[in-house]
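Chemist: After the sequence you'll find the predicted model.
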Amino acid sequence: MNLTEFSKSAGAAVGMNVDRITVRGGKPLKGSIQMKGAKNLVTKAMVAALLGEGPSELRSVPEISDVRVVQGLLELHGVSVERDGDTLRLDPANVRTAHETSINAHAGSSRIPILFCGPLLHQLGEAFIPDLGGCHIGDRPIDFHLDVLRNFGAVVEKLPSGIRMTAPNGLHGAKIALPYPSVGATEQVLLGAVRAKGRTELANAAVEPEIMDLIAILQKMGAEIQVDTDRTIRIEGVDKLVGYSHTALFDRNEAASWACAALATDGDIFLEGARQPEMTTFLNVFRKAGGAFRIQDDGIRFWHPGGALKPVVVETDVHPGFMTDWQQPLVVALTKAEGISIVHETVYEQRFGFTEALVEMGAYIQIHTDCLGSHACRFGQRNYEHSAVIAGPVELHGADITVPDLRGGFSHLVAALTAAGTSHISNVGIIARGYERFIEKLEALGADFDVEG
Ligand SMILES: CC(=O)N[C@H]1[C@@H](OP(=O)(O)OP(=O)(O)OC[C@H]2O[C@@H](n3ccc(=O)[nH]c3=O)[C@H](O)[C@@H]2O)O[C@H](CO)[C@@H](O)[C@@H]1O
Ligand SMILES: C=C(OP(=O)(O)O)C(=O)O
């Protein structure tokens, strides 16, 4: 089936129903594509709409499967969600308790259900949280989330089918210190504290740009939130919040991925809507590795300027460090750099599974349990394979690959696009969790491939 025929089938336009893709590598990706709102903000902004007394409007919403999962869950809870182009209108006027079985059926592959707790406890006095999805890149416990909710006064009951919560006396503010600046746990605090009784102080909070954009949304709704220079967040609970109107921050993770695709394929891609401030750390590494970029008012152009790529040493970290979701496509580009590169993953303990396929394609990558970085991280003494050494340059060759997770999957696509010969990639539907219309974007950039349902 060719792409035009395929695009006629439901869901194919956004890549959600695509299972297998055959890629003939060697063509540079060239052209212009548009960035939309960040998966890691939009889905949380949708949950925040539950807290308002009136409807909210969210613009620049990408067509990705995580948005569909959250939309389904909101609808199950009585929230009306209407899409008009890139805009979502969310009205929580008829919010109600949903049946556990239906919640489990709709939870899908996302981790966002855990963030429904605070808003549902405020609105309904109870919440049910299914087993969570998300990428399998480590244990991904939710202990910080549950501690936060207990601190707010929630009663947590673990059931075989999920977690049930109640708040017999409502939620009250609390003094909380996170053991690690978790993005999700920080959002859990924000979404719970804004309408809790009294004051909340959160020490060691995460301050990723997506969190700052969520804070901007909550402020528009009437919340009182202050972020201190030492990453302490103080929230004064209010009785009532109103709906918001907001244009979502662009997806800097998607932008970094396509930038690496340009570098690895000797290509040249303009990312309309990408912005410099949220990507400063990425841009530094991209330039060190031999990539070129030009910042424009309406986006950023990324390209391979010719000559050899250079090896780099990178440590992933919380913001403003190098984002863990950026390393996978970068690793593919680094297989082409002249020399030894090192990537020390300090956010997730098992995020190098995707490199096995790259090795099959001819890459020289070794994974180590030691901390190969400038500081020892949480995983160094615990035998986790969390440091990668990449030796280049190599010419990758085509292979049969199965996508393991979202970012790993995108990096496999990039590897196949840069490889000599043909690759068959299965399970590519996962990529639609976070990459809007990636099939159409690949076509627009001149990639040579066929899709199968
Ligand atoms: C939907 C979304 O926004 N996903 C992003 C979010 O994931 P997510 O919010 O799940 O990531 P966290 O920041 O919470 O996780 C960071 C670390 O904290 C640990 N941890 C977290 C919670 C907890 O209760 N206990 C615990 O030990 C995790 O196992 C991990 O090692 O931030 C990550 C780090 O920037 C990104 O890679 C993900 O793309
Ligand atoms: C790990 C990721 O997402 P999630 O937390 O939704 O699994 C990601 O976006 O790379």
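Modeler: Nice, thanks for sending it over. Residues are numbered from 1 along each chain as shown. Ligands and ions are numbered 1, 2, ... in the order given.

Chemist: Could you pull up the contacting residues of residue 89?
Modeler: In this structure, residue 89 makes contact with 55, 56, 57, 80, 81, 82, judged by Cβ atoms under 8 Å, 6 or more residues apart in numbering. In short, each C-beta sits where N, CA and C put it, glycine included.

Chemist: got these as TSV, with distance to ligand 1, secondary structure and neighbour count columns?
Modeler: Shown next, in TSV, are these (distance: Cβ to the nearest ligand atom, whole Å; DSSP: H, G, I helix; E, B strand; the rest coil; neighbours: other Cβ atoms under 10 Å):
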residue	distance to ligand 1	secondary structure	neighbour count
55	24	coil	18
56	19	strand	26
57	22	strand	17
80	24	strand	14
81	18	strand	19
82	23	strand	12
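
Chemist: just curious, which of the residues you listed is nearest to residue 118?
Modeler: Distance to residue 118 across those (Cβ to Cβ) is lowest for residue 56, with 16.2 Å.

Chemist: Now do the contacts for that closest one.
Modeler: Contacts of residue 56 by Cβ under 8 Å, 6+ apart are 45, 48, 49, 89, 90, 91, 221, 243, 244, 245, 246.

Chemist: Can you pick out the most distant pair from the contacts of residue 89?
Modeler: Among the contacts of residue 89, the pair separated by the greatest distance (Cβ to Cβ) is 57 and 80, at 12.5 Å.

Chemist: so what sits against both of these two?
Modeler: Between them, residue 57 and residue 80 share the contacting residues 89, 90, judged by Cβ under 8 Å, 6+ apart.

Chemist: quick one, strands of the stretch 101-250 of the chain?
Modeler: According to DSSP state E, counting those that start in this stretch, the stretch 101-250 of the chain carries its strands in the segments 126-130, 155-159, 162-166, 175-177, 199-203, 224-227, 233-236, 245-247.

Chemist: check contacts around the residue located most distally from the centre of the chain.
Modeler: Going by Cα atoms, centre = their mean, the residue of the chain most distant from its centre is residue 169, 34.4 Å out. The neighbours of residue 169, taking Cβ under 8 Å, 6+ apart as the test, are residue 153.

Chemist: Which pLDDT value goes with it?
Modeler: Per-residue confidence at residue 169 stands at 93 (pLDDT).

Chemist: Looking at the contacts of residue 56, spot the one nearest ligand 2.
Modeler: Here the nearest of the contacts of residue 56 to ligand 2, counting by Cβ to the nearest ligand atom, is residue 45; it sits at 14.6 Å.

Chemist: pretty sure that closest one is touching residue 245, no?
Modeler: No: Residue 45 sits out of contact with residue 245 when judged by Cβ atoms under 8 Å, with a separation of 11.1 Å.

Chemist: between those two, who's got more neighbours?
Modeler: Between residue 45 and residue 245, residue 45 has the larger neighbour count (other Cβ atoms under 10 Å), namely 26 against 13.

Chemist: what about residue 71, neighbour count?
Modeler: 20.

Chemist: Surely it is in a helix?
Modeler: Yes: following the definition DSSP: H, G, I helix; E, B strand; the rest coil, residue 71 is counted among the residues of a helix.

Chemist: still on that earlier bit, output the strands of the stretch 101-250 of the chain in a markdown table; the columns should cover mean pLDDT.
Modeler: Putting those into a markdown table (pLDDT from 0 to 100) gives the following:
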| stretch | mean pLDDT |
| --- | --- |
| strand 126-130 | 92 |
| strand 155-159 | 93 |
| strand 162-166 | 94 |
| strand 175-177 | 98 |
| strand 199-203 | 98 |
| strand 224-227 | 98 |
| strand 233-236 | 98 |
| strand 245-247 | 98 |
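
Chemist: can you map out the helices along the stretch 101-250 of the chain?
Modeler: 117-124, 143-151, 183-193, 209-221 (DSSP state H, counting those that start in this stretch).

Chemist: re the thing from before, and which of the contacts of residue 89 is nearest residue 206?
Modeler: Distance to residue 206 across the contacts of residue 89 (Cβ to Cβ) is lowest for residue 56, with 23.3 Å.

Chemist: Near ligand 2, which residues of this structure? Just list them.
Modeler: By Cβ under 6 Å from any ligand atom, the part of the chain that sits against ligand 2 consists of 111, 134, 135, 137, 253, 325, 406, 407, 434.

Chemist: wouldn't the first one be in contact with residue 132 here?
Modeler: Looking back up the chat, that one is residue 111. Yes: checked against Cβ under 8 Å, the pair residue 111 and residue 132 is within contact range at 4.8 Å.

Chemist: Mutual contacts of these two, please.
Modeler: Each of residue 140 lies in contact with both residue 111 and residue 132 under the rule Cβ under 8 Å, 6+ apart.

Chemist: Flag the helix or strand of this structure with the lowest per-element mean pLDDT.
Modeler: Within the chain, no helix or strand scores below helix 3-7, which has a mean of 39 by mean pLDDT, DSSP states H and E.

Chemist: residue contacts, residue 124?
Modeler: Residue 124 sits next to 95, 96, 97 when contact means Cβ under 8 Å, 6+ apart.

Chemist: near ligand 1 too, which of these?
Modeler: Of these, not one also sits near ligand 1 (Cβ under 6 Å from any ligand atom).

Chemist: so which of these comes closest to residue 41?
Modeler: The nearest member of those to residue 41, counting by Cβ to Cβ, is residue 95 at 21.9 Å.

Chemist: For residue 234, grab the count of nearby residues.
Modeler: Residues lying near residue 234 (other Cβ under 10 Å) number 17.

Chemist: rewinding a little: a markdown table for the residues of the chain next to ligand 2, including distance to ligand 1 and neighbour count?
Modeler: Compiled in a markdown table, the residues of the chain next to ligand 2 are given as follows (distance: Cβ to the nearest ligand atom, whole Å; neighbours: other Cβ atoms under 10 Å):
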| residue | distance to ligand 1 | neighbour count |
| --- | --- | --- |
| 111 | 5 | 17 |
| 134 | 6 | 16 |
| 135 | 8 | 21 |
| 137 | 8 | 23 |
| 253 | 7 | 24 |
| 325 | 5 | 25 |
| 406 | 8 | 25 |
| 407 | 8 | 27 |
| 434 | 8 | 25 |
